[in-house]
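Student: Structure, please.
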Amino acid sequence: MMQSGAEITGDGDTFFMSVFDGVQTVLSQHGLDLVVLLCAADQDREEYLRRTVARGFADALIISGTRIQDGRIDFLVMRVSHDGGH
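Tutor: Prediction:
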């Protein structure tokens, strides 16, 4: 999950595409695929994550822009604890 917007991704910056390419290269070696979900800058990041998890189409998540106190991480930790590690 990555927040979108020019102030986050840059104007024509290819940095994130290089990161995605590297991640996909490693994932493909394990038969996995990378799906990028962009959260609009004006959207509630925690609510967006909750909806994404509720849909159940991802086996794992990489979250950008984490903070020391991040409700998204707390939500995921509670979710894994509640689901028995799944």
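
Student: Once you drop chain neighbours, what's closest to residue 45?
Tutor: Closest residue in space to residue 45, ignoring its immediate chain neighbours: residue 39 at 5.6 Å, by CB to CB, 6 or more residues apart in numbering. All C-beta atoms are positioned from the backbone trio N, CA, C, and that covers glycine.

Student: what's the neighbour count on residue 14?
Tutor: If you count neighbours by other CB atoms under 10 Å, residue 14 ends up with 10.

Student: do you know how far the residue nearest to residue 45 is from residue 49?
Tutor: As defined by CB to CB, to the nearest Å, residue 39 lies at a distance of 8 Å from residue 49.

Student: After the longest helix along the chain, heading C-terminal, what element do we hit next?
Tutor: Among the elements of type helix in the chain, defined by DSSP state H, the one spanning the most residues is helix 15-28. Moving toward the C-terminus from helix 15-28, the next helix or strand (DSSP states H and E) is strand 38-39.

Student: May I have the next helix or strand after that following strand exported as CSV, CA atoms only?
Tutor: Beyond strand 38-39 on the C-terminal side, the first helix or strand identified by DSSP H and E is helix 45-55. This file holds the C-alpha atoms of helix 45-55, laid out as CSV (Å, rounded to 0.1, in the frame of the first residue of the first chain):
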residue,chain,number,x,y,z
ARG,A,45,-4.9,5.4,5.2
GLU,A,46,-6.1,3.2,8.0
GLU,A,47,-9.6,2.8,6.6
TYR,A,48,-8.1,2.0,3.2
LEU,A,49,-6.0,-0.7,4.7
ARG,A,50,-9.0,-2.1,6.6
ARG,A,51,-11.0,-2.4,3.3
THR,A,52,-8.0,-4.0,1.5
VAL,A,53,-7.6,-6.6,4.2
ALA,A,54,-11.3,-7.3,4.4
ARG,A,55,-11.3,-8.1,0.6
